[in-house]
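Asker: Give me the fold of what follows.
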Amino acid sequence: MPSIFQRLFAQSDPKDAMRTLYNAIVAEGRQPHWYVEGQVPDSIDGRFDMIVAILAQALMRLEGLGAAQESVWLTELFVDDMDGQLRQEGIGDVVVGKHIGRMVSALGGRLAAYRAALAGEEDLAGALTRNLYRGQTPPADALAHVESHLRARWVRLGGLSRDALMAGDLG
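Answerer: Now for the predicted structure:
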């Protein structure tokens, strides 16, 4: 077991093990088809919502694999990234924490909604309308596009090992 001094002065961050997966999640969330065919709003909020939808699936898969620590590290990378994005947008230190708190709360709420929907306990289309489209009713074909792609990813994620997921494979 490493001493406290070894942990305090360690050169590597254990979250780095999840960076490849996090980068894959962000890259997938930026794919044009979500915003063109899926008509998710191509805005800061829309991109946040899309990344969170994919992140939620990855977190649920990690949970299913019993990878609780990896799930924590992945969430911490998300928080670090959002903090950096807010600061880049000019949000000051005084209010960054409040914004991060709202973002983490949004992640938690969406994680619960998508978990229930993908387990068949709730309607995925309803969860997507609330969370990706912010309550605005999207065209049926756009919603079907997003729903079908997220459902297909969820099925593919179910067959992935912990190592494949951590290597950035999103199915």
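Asker: now the helices for the chain?
Answerer: Listed in chain order, the helices of the chain (DSSP state H) span 4-8, 19-29, 32-35, 44-64, 68-88, 93-118, 124-131, 140-157, 162-166.
Asker: so which of the ones you listed is the most packed in?
Answerer: helix 44-64 (a mean of 20; mean count of other C-beta atoms under 10 Å). For glycine as for every other residue, the C-beta is placed from the backbone atoms N, C-alpha and C.
Asker: now it and helix 124-131, what's the angle there?
Answerer: Interaxial angle, helix 44-64 versus helix 124-131 (axes from the mean of the first three to the mean of the last three C-alpha atoms, to 10 degrees): 130 degrees.
Asker: thinking in terms of the whole chain, how far from its middle is helix 44-64?
Answerer: With C-alpha atoms, centre = their mean, to the nearest Å as the basis, helix 44-64 stands 2 Å off its chain's centre.
Asker: Against which helices or strands is that helix packed?
Answerer: helix 19-29, helix 32-35, helix 68-88, helix 93-118, helix 124-131, helix 140-157, helix 162-166 (3 or more C-beta pairs under 8 Å, 6 or more residues apart in numbering; DSSP states H and E).
Asker: looking only at pLDDT, what's the mean for the fourth one?
Answerer: So the one you mean is helix 93-118. The average pLDDT within helix 93-118 is 86.
Asker: Tell me the helices and strands packed up against it.
Answerer: Secondary-structure packing of helix 93-118 (3+ C-beta pairs under 8 Å, 6+ apart): helix 44-64, helix 68-88, helix 124-131.
Asker: And these, which one averages the lowest pLDDT?
Answerer: Least confidently modelled of these is helix 68-88, at a mean of 87 by mean pLDDT.
Asker: Can you check which of the helices and strands packed on helix 93-118 gets nearest to residue 106?
Answerer: Residue 106 lies closest, by C-beta to C-beta, to one member of the helices and strands packed on helix 93-118: helix 44-64, at 6.6 Å.
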